[in-house]
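Visitor: Got a predicted model here, sequence first, then my questions.
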Number of protein chains: 6
Amino acid sequence: MTQVMMDRMSWPEFRDALKRNPTVFIPCGATEQHGPHLPLSVDCLLPTALCRDVAERVGGVVAPTLSFGYKSMPKSGGGPHFPGTLNLDAQTLISMVRDVIRELVRHGVKKICCVVGHYENQWIVTEGIDLAMRECGHTGLKVMRLEYWDFCTEDTIKTVFPDGFPGVALEHAAVMETSMMLHYYPDMVRLDLIPDNPPAQFPPYDIWPPHRDWVPSSGALTSAKGASAAKGKAMVEQYCRDIAAAVKKEFG
Amino acid sequence: MTQVMMDRMSWPEFRDALKRNPTVFIPCGATEQHGPHLPLSVDCLLPTALCRDVAERVGGVVAPTLSFGYKSMPKSGGGPHFPGTLNLDAQTLISMVRDVIRELVRHGVKKICCVVGHYENQWIVTEGIDLAMRECGHTGLKVMRLEYWDFCTEDTIKTVFPDGFPGVALEHAAVMETSMMLHYYPDMVRLDLIPDNPPAQFPPYDIWPPHRDWVPSSGALTSAKGASAAKGKAMVEQYCRDIAAAVKKEFG
Amino acid sequence: MTQVMMDRMSWPEFRDALKRNPTVFIPCGATEQHGPHLPLSVDCLLPTALCRDVAERVGGVVAPTLSFGYKSMPKSGGGPHFPGTLNLDAQTLISMVRDVIRELVRHGVKKICCVVGHYENQWIVTEGIDLAMRECGHTGLKVMRLEYWDFCTEDTIKTVFPDGFPGVALEHAAVMETSMMLHYYPDMVRLDLIPDNPPAQFPPYDIWPPHRDWVPSSGALTSAKGASAAKGKAMVEQYCRDIAAAVKKEFG
Amino acid sequence: MTQVMMDRMSWPEFRDALKRNPTVFIPCGATEQHGPHLPLSVDCLLPTALCRDVAERVGGVVAPTLSFGYKSMPKSGGGPHFPGTLNLDAQTLISMVRDVIRELVRHGVKKICCVVGHYENQWIVTEGIDLAMRECGHTGLKVMRLEYWDFCTEDTIKTVFPDGFPGVALEHAAVMETSMMLHYYPDMVRLDLIPDNPPAQFPPYDIWPPHRDWVPSSGALTSAKGASAAKGKAMVEQYCRDIAAAVKKEFG
Amino acid sequence: MTQVMMDRMSWPEFRDALKRNPTVFIPCGATEQHGPHLPLSVDCLLPTALCRDVAERVGGVVAPTLSFGYKSMPKSGGGPHFPGTLNLDAQTLISMVRDVIRELVRHGVKKICCVVGHYENQWIVTEGIDLAMRECGHTGLKVMRLEYWDFCTEDTIKTVFPDGFPGVALEHAAVMETSMMLHYYPDMVRLDLIPDNPPAQFPPYDIWPPHRDWVPSSGALTSAKGASAAKGKAMVEQYCRDIAAAVKKEFG
Amino acid sequence: MTQVMMDRMSWPEFRDALKRNPTVFIPCGATEQHGPHLPLSVDCLLPTALCRDVAERVGGVVAPTLSFGYKSMPKSGGGPHFPGTLNLDAQTLISMVRDVIRELVRHGVKKICCVVGHYENQWIVTEGIDLAMRECGHTGLKVMRLEYWDFCTEDTIKTVFPDGFPGVALEHAAVMETSMMLHYYPDMVRLDLIPDNPPAQFPPYDIWPPHRDWVPSSGALTSAKGASAAKGKAMVEQYCRDIAAAVKKEFG
């Protein structure tokens, strides 16, 4: 299999990859708590693995992962107080996204896909892309941005949640992420430590300073007890298939 | 009725209002297309009116409306290409939110509620709040941020959509916003121009440059034909009641 | 009369207005104390009304008002300590002006007139314009910036100050602003509360932290007792006539 | 005479000067055309010399001159098109002023006087001071900012303009600046090249791109023919006396 | 062995690590060409491995690697034109370093060591540290910054260059980096592709646009033919020993 | 001799100089302690004098000196704690360099040479140049950046250090700078105050907060006892000859 990971390529290998006008994928992650059973880098690991699998399907290249993300919020990531959650200011992440895109374009890249693995990144990555488009749009640059979970189909939902889908809102460090981790990085999941707290209940607003008692003390917004590698595999396969199809549709 | 709108107060009136330790509401709007039947300022007008009504219930004050918002996206606001949609860079809006909060705090305000009327503002306003908290948090400052539509209850949904709720995602310039405009500002709604396009269909990603053909040419993401002032009144009353309750719960 | 206020237009109305290559006016206001007899929004209300009147004369459009301005100084606006005076950092206002101009240009606007209603805004708005010109100047963009009071003629001075003109320096919340408010927004003027303090005396320098005792406790730098709606009308008519003439001369 | 110029001091000399809690003067200049008879550095040279003279009177210290200023405008400095006029962006000058003040405060300075020698600097220097106060104000820091020409008395006006004062607005590269240069730096004035153009006539607005034909081709906004070293001496002596008095009044 | 890599820890593991008041190491890398025989991530891989080894010696923790660095210069990294060299703007890297330190401090970290693996990062990382100290210095925070190659002893030089040391200036993708890669990541070195170009010759200045012909076409500034895993091992052991000693000396 | 110092030129003189397509030199200095025997402005005075001498050889122009530099570090400049050392934030100096270059380019300058006189400036000036190239590179702009001491030849070393060269690292306020000051500005050197401390010893890392005891209390990193005007003359003549040659080679 051709090497698709840019950080493992030498410069002549990257130069050769550029000749086929590849889509370059940028995994947009975070360093953020994911419960007692998962490492702080889940939001980096999952989009990086997905990018690799999709890049292999479409002849793409995967840029180095953005390892730090935008600020964790209580209702989606547990909030900033969990030890190990390292949050960037918006302007820092915006600049990082803009710079990486600008540099790829400088080397001749025309097709870029930002794959977001951390919910809170979405709008900040959007601004980085928009600023890069303002600078580079005249070059014919095209950019996609996607949150991989938005590709989840009804069928996959049924496979992962045979007893009914509680909704995506609480899926932080829960069944979906844990299943994908079990598929991709089983050694990094501590099955014995999966918490079994009931789903968090949140009001329809955010507040500063955050109320820690809104968030289960485990950091998992609902239980990951139903996770399995098989579910992870089903998710990953469907996501990769459909993301690859979207990339091909948009970028040819 | 006491004047709650800060822009209509003299400075001694504002000084006197400060003595009751009021919650100050900041309507966070936008200048953005809302179909052929609504003005460009819908996202300013609605949160401003809601803030006024809630402020009257809780003894609060309404700061001047932020009239420009973050960048309109095709899937939520139709996108930047509609004439009249004026988008701020993220850093500009972040700074605006931070500065306004910092200044209110300088005058002794301890309780601030940012009421977002434009979907795309959410994360950018969040960063402005977070930066203000970093500067001013030691003063005992508390800040809420809410998107008013997140307060919509099941009962209200049933009232507004007796034939079934198509989901909030396409509610741009559609039944909900148009009904609220009919309630608050009936003179600004051109009933004869309400478009009747079918709901937009969007893929699970964003792309730059945007595809204009994703968005109905009217700018309304789905039809507003079912709108009525009565529905608007039902929404407004429930929203105000519940937002006021949340403010009282959090800020006392 | 055609609608000239952009915030009241729908997007098709704004699109149609663009077809006549209109001058777009941007009222550059502030939220700042204006004595006990005037609201905090005087510096927004007056340039907005003037822009509307001029736009109607020249076939222009009025963009949403910039409601927050640069920092109030003791010698021109009373200074930051008056409750309700909300000051933006220079960079925030610069970015706001630049963004709004850039966005108007994106929609095809070629002629923009920034009408400053708050003395302290002048140089900060200048920088916003200059940065926008750097980005957009190649498009043929032309921008005017004016402080409306600079259009005051000798004749108008004699009309407003029949007993002799004390000079423009102290005209904050005084005869000129109060008269224009009485003309445009009589309901917002509390005639009974007009202060009668003698003119402030200022040394030829500024100092930080500001000396509060330099500024009359009313916030009016001199008395507004001589104000009248008739004087306001005379001022407004002369200003609108001459600003319209300047716009026509420069922009055709 | 004690050395007051910081750039000529060694660090132990500056350390010793700090022991007397001195006022530190920051000359805020520019590199800008001043007609064919004066060098590009007039706006640096004059405030630096005045600062030196005042510092000698009050036991102060003069920091290195800020050699670059804010953007030259046609109506006050002739505008950007004259060769040799080098303009800073506002943010650059703001940061420079803030950093220099912050650093002086770090060494224990409590009293700073920014002496502006370039009209366009005024508001930009103001913002730099304000940001420094926000950071350092808790240390007891006091800052003055003055434009030296604002200290000109009626008597001095009569001395310099025995035939009547045409007003300060056109005094760029004209009688006042040229006289002061003749006093302080006679070798740098080319008397034979003093232009004799009539006073410029400006409308009450600014425009971008600037109209070069508003500005006399010499760059002097009115003639400097009446300049003399004696007038310069009269101005300098009065300015220094009164600035020193103001500094003593405010800073003790 | 205890896990020292933060990205592999769960949040309770990181919380527990914090209890021993650990030094947190931040590997400051880059994505930059390193000749045809090494991957683009050498400047990430080497400091990360060194940090891990030192952290294991001193009971520290290794934060996620900063994968993007400051701009590659021809004389130290070959320059920006090599495909795959992705350069950040200074402000972006400054903000990244500042944010990561600020966040670690928020969780209670008091001792941070930035280990630079990319020559051009040095001064930019310095500014990030300095800004973080300004914000967080009052917490008792201490920060070291080191370029690992500066720890190289005379003895190690003799071991690595038995025929004489050509100087550190050209050691990009050359004997030292290649030897360390052979020690740590032998699978990533393509021995068959090690170039054998003579040492580059550079003048004592930099120039923009860069002269590509200053730089050997391989991207290696001198030959890596003398590299070996044994030399890498010798370097690594000495570096780790001495860096650990420095950390213990400074941080206890 | 033609005037080469821009600050002494009138605008018509600068205009005329532009006609010969001159190289414009920007002396990049600092305000920083240089021991008890030298003034705080050494890092401004030396590059300015060198620029003047080189400009006279090559028909160039010298722009006003940048008087403030990047942050002094203990191991190269003694560190921030010496009274009188005034450090700029990186972003401030970056913006200053970018703005000055942009403005020179606006007037038609095509060839710019930044002559760094303060060690710590190097990478920050580099970023300013790079940002200016991004904005102005399409105009054919070429920029050099050099630290003048890097031009020192072996022969000059032997002349200055007949007893052996201790290395450039400690040459702050030592033999080389003091000799050049004795050549150019003998009145500013206090020979009687030259310290005679032994060379400083530094570890291979930096630390914050800085250890003051790393730095000799005089501020001179090693003794300047061997300095002489004759040595300074030898250095200056060789530097100017070779810098002029480099400029001619690159810029024609």
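Guide: Nice, I can see it.
Visitor: Look through the stretch 1-150 of chain A and state the residue closest to chain D.
Guide: A:Q91 (14.1 Å; CB to the nearest CB). C-beta here means a position set from N, CA and C on the backbone, and glycine is covered the same way.
Visitor: Provide a list of residues in contact with that residue.
Guide: By CB atoms under 8 Å, 6 or more residues apart in numbering or on different chains, A:Q91 lies in contact with B:90-91, B:94, E:95.
Visitor: wait, is it part of a helix?
Guide: Yes. Judged by DSSP: H, G, I helix; E, B strand; the rest coil, A:Q91 forms part of a helix.
Visitor: Tell me which residues of the helix or strand harbouring A:E250 come out buried.
Guide: Take DSSP states H and E as the rule and A:E250 turns out to sit in helix A:229-251. Neighbour counts using 16 or more other CB atoms under 10 Å in any protein chain shown place A:229, A:231-236, A:238-240, A:242-244, A:246-247, A:250-251 of helix A:229-251 among the buried residues.
Visitor: What distance do you get for the residue of the stretch 1-150 of chain A closest to chain D to B:I124?
Guide: 11 Å (CB to CB, to the nearest Å).
Visitor: joint contacts of these two?
Guide: Common neighbours of A:Q91 and B:I124 (CB under 8 Å, 6+ apart) are B:90, B:94.
Visitor: Sketch out the low-pLDDT regions of chain A for me.
Guide: Scanning chain A for pLDDT under 70 picks out A:1.
Visitor: For the stretch 101-250 of chain A, just list every one of the strands.
Guide: A:111-116, A:142-147, A:206-208 (DSSP state E, counting those that start in this stretch).
Visitor: How far away from the center of its chain is the first one?
Guide: Meaning strand A:111-116. Taking CA atoms, centre = their mean, to the nearest Å, one finds the center of strand A:111-116 at 10 Å from the center of the full chain.
Visitor: likewise stretch A:59-66?
Guide: 13 Å.
Visitor: Just the C-alpha atoms of that stretch, please, in CSV.
Guide: Extracted in CSV, the C-alpha atoms of stretch A:59-66 (Å, rounded to 0.1, in the frame of the first residue of the first chain):
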residue,chain,number,x,y,z
GLY,A,59,-5.5,8.4,-3.5
GLY,A,60,-5.1,11.2,-1.0
VAL,A,61,-2.6,12.4,1.5
VAL,A,62,-3.0,12.9,5.2
ALA,A,63,-1.4,16.0,6.7
PRO,A,64,-0.1,16.0,10.2
THR,A,65,-2.9,16.0,12.7
LEU,A,66,-3.9,19.2,14.5
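Visitor: touching chain B at all, that stretch?
Guide: No. Shown here: stretch A:59-66 not in contact with chain B (CB under 8 Å from any CB of the partner chain), separated by at least 15.1 Å.
Visitor: what's the answer for stretch A:140-158, then?
Guide: Yes. Against chain B, stretch A:140-158 shows contacts by CB under 8 Å from any CB at A:141-147, A:150-151.
Visitor: Going by neighbour count, which of the residues you listed comes out on top?
Guide: Comparing these by number of neighbours (other CB atoms under 10 Å in any protein chain shown), A:V143 comes first, having 30 neighbours.
Visitor: Could you list which residues are in contact with that one?
Guide: Taking CB under 8 Å, 6+ apart as the criterion, A:V143 is in contact with A:101, A:112-114, A:129, A:132-133, B:207-208.
Visitor: 10 Å instead?
Guide: Taking CB atoms under 10 Å, 6 or more residues apart in numbering or on different chains as the criterion, A:V143 is in contact with A:24, A:26, A:97, A:101, A:104-105, A:110-114, A:125-126, A:128-130, A:132-133, A:136-137, A:250-251, B:206-209.
Visitor: Report the beta-bridge partners for it.
Guide: A:I112, B:W208 (DSSP bridges).
Visitor: From A:P210, how far off is it?
Guide: For A:V143 relative to A:P210 (CB to CB), the value is 32 Å.
Visitor: go on, A:Q238?
Guide: From A:Q238 to A:P210 the distance is 34 Å (CB to CB).
Visitor: which residues touch A:L182?
Guide: A:38, A:188-189, A:191, A:224, A:227-233.
Visitor: What of A:S95?
Guide: A:S95 touches A:88-89, A:127-128, A:131, B:91, E:88-89, E:91-96, counting by CB under 10 Å, 6+ apart.
Visitor: Over to A:V62?
Guide: Taking CB under 10 Å, 6+ apart, one finds A:3-9, A:22-27, A:47-56, A:113, A:115 in contact with A:V62.
Visitor: Kindly report the same for A:H107.
Guide: Here A:H107 is in contact with A:11, A:14-15, A:18, A:24, E:80-86 (criterion: CB under 10 Å, 6+ apart).
Visitor: Return the closest of those with respect to B:Y119.
Guide: A:V24 (29.2 Å; CB to CB).
Visitor: any idea how far chain F is from A:M176?
Guide: 41 Å (CB to the nearest CB, to the nearest Å).
Visitor: what does the stretch 151-252 of chain A have sitting close to chain E?
Guide: A:173, A:185, A:187-190, A:193, A:218-219 (CB under 10 Å from any CB of the partner chain).
Visitor: What ranges does the stretch 1-150 of chain A have for its helices?
Guide: Under the criterion DSSP state H, counting those that start in this stretch, the stretch 1-150 of chain A contains helices at A:11-18, A:42-58, A:74-77, A:90-106, A:122-136.
Visitor: For C:V61, which of these is the nearest?
Guide: helix A:122-136 (24.5 Å).
Visitor: from the chain's centre, how far out does the closest one sit?
Guide: 17 Å.
Visitor: Briefly note if it comes near chain F.
Guide: Yes. Judged by CB under 10 Å from any CB, helix A:122-136 comes into contact with chain F at A:E135.
Visitor: any idea of the angle that helix forms with helix A:90-106?
Guide: 40 degrees (axes from the mean of the first three to the mean of the last three CA atoms, to 10 degrees).
Visitor: how close does A:R20 get to A:C51?
Guide: 17 Å.
Visitor: If you count surrounding residues, which of those two has more?
Guide: Set A:R20 next to A:C51 and count neighbours by other CB under 10 Å: A:C51 wins out with 30 against 9.
Visitor: which one is that one nearest to, not counting chain neighbours?
Guide: Ranked by CB to CB, 6 or more residues apart in numbering or on different chains and with sequence neighbours excluded, the top spatial neighbour of A:C51 is A:F25, at 3.9 Å.
Visitor: again with A:N197
Guide: A:N197 sits nearest to A:P216 (CB to CB, 6+ apart), 4.2 Å away.
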